[in-house]
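J.: Show me the folded form of this:
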Amino acid sequence: QVQLVESGGGLVQAGDSLRLSCAASGRTFGTYAMAWFRQAPGKEREFAAAISQSGGNSAYADSVKGRFTISRDSAKNTVYLQMNSLKPEDTAVYYCAANRALGYVVYTTLGQYNYWGQGTQVTVSS
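T.: You can find the predicted model right below:
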């Protein structure tokens, strides 16, 4: 089992950058594929970005492709989401997710993740 704690959210202006962090507990972080999802007010939780256990494969939602970058640091048991050129429509609670998977597998749907963090709020003003 793994526990996930997100941080790094905040209030920024359109065009600014933020880096979210997700710290994972336990010694098995290296066996998990990871992802970021987000949920805007009144909307369903949606996929944003995912990275494989190996770190060698990633996937992005079309809405964030070219602006967001997901990465992981196994030495720190942490996954990051670098968000550049933020837009008001990026405003949401951002959730970190994990599931056991080896190699280059990436998951992009909610139901494929077993572990979730509590979320961190990102607000982008226009």
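
J.: quick one: secondary structure of residue 75?
T.: Local secondary structure at residue 75 is given as helix here, using DSSP: H, G, I helix; E, B strand; the rest coil.

J.: Just the residues contacting the helix or strand containing residue 96, thanks.
T.: Taking DSSP states H and E as the definition, residue 96 sits inside strand 92-100. Strand 92-100 is contacted by residues 2, 4, 6, 9, 20, 22, 24, 31-40, 43, 45, 48, 79, 81, 107, 112-122 when judged by CB atoms under 8 Å, 6 or more residues apart in numbering. (Glycine included, C-beta is placed from N, CA and C.)

J.: again, but for stretch 18-31
T.: Contacts of stretch 18-31 with the rest of the structure, by CB under 8 Å, 6+ apart, involve 1-10, 12, 32, 34, 36, 53, 74, 76-83, 86, 94, 96, 98, 100-102, 117, 120, 122.

J.: Kindly recompute the last result at 7 Å.
T.: Under the criterion CB atoms under 7 Å, 6 or more residues apart in numbering, residues 1-10, 12, 36, 53, 74, 77-83, 86, 94, 96, 98, 100, 102, 117, 120, 122 lie in contact with stretch 18-31.

J.: quick revisit: paired strands for the strand holding residue 96, with orientation please.
T.: Pairing partners of strand 92-100, with direction, according to DSSP bridges: strand 32-39 (antiparallel), strand 115-116 (antiparallel), strand 120-125 (antiparallel).

J.: Could you export these as a markdown table, including mean neighbour count and distance to residue 68?
T.: Formatted as a markdown table, the entries for the strands paired with strand 92-100 read as follows, by neighbours: other CB atoms under 10 Å; distance: least, CB to CB, whole Å:
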| stretch | mean neighbour count | distance to residue 68 |
| --- | --- | --- |
| strand 32-39 | 25 | 8 |
| strand 115-116 | 16 | 19 |
| strand 120-125 | 17 | 11 |
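
J.: The residue nearest in space to the middle of the chain and residue 27, how far apart?
T.: Using CA atoms, centre = their mean, the residue of the chain that lies closest to the mean C-alpha position is residue 36, 2.2 Å off. Residue 36 sits 23 Å away from residue 27, taking CB to CB, to the nearest Å as the criterion.
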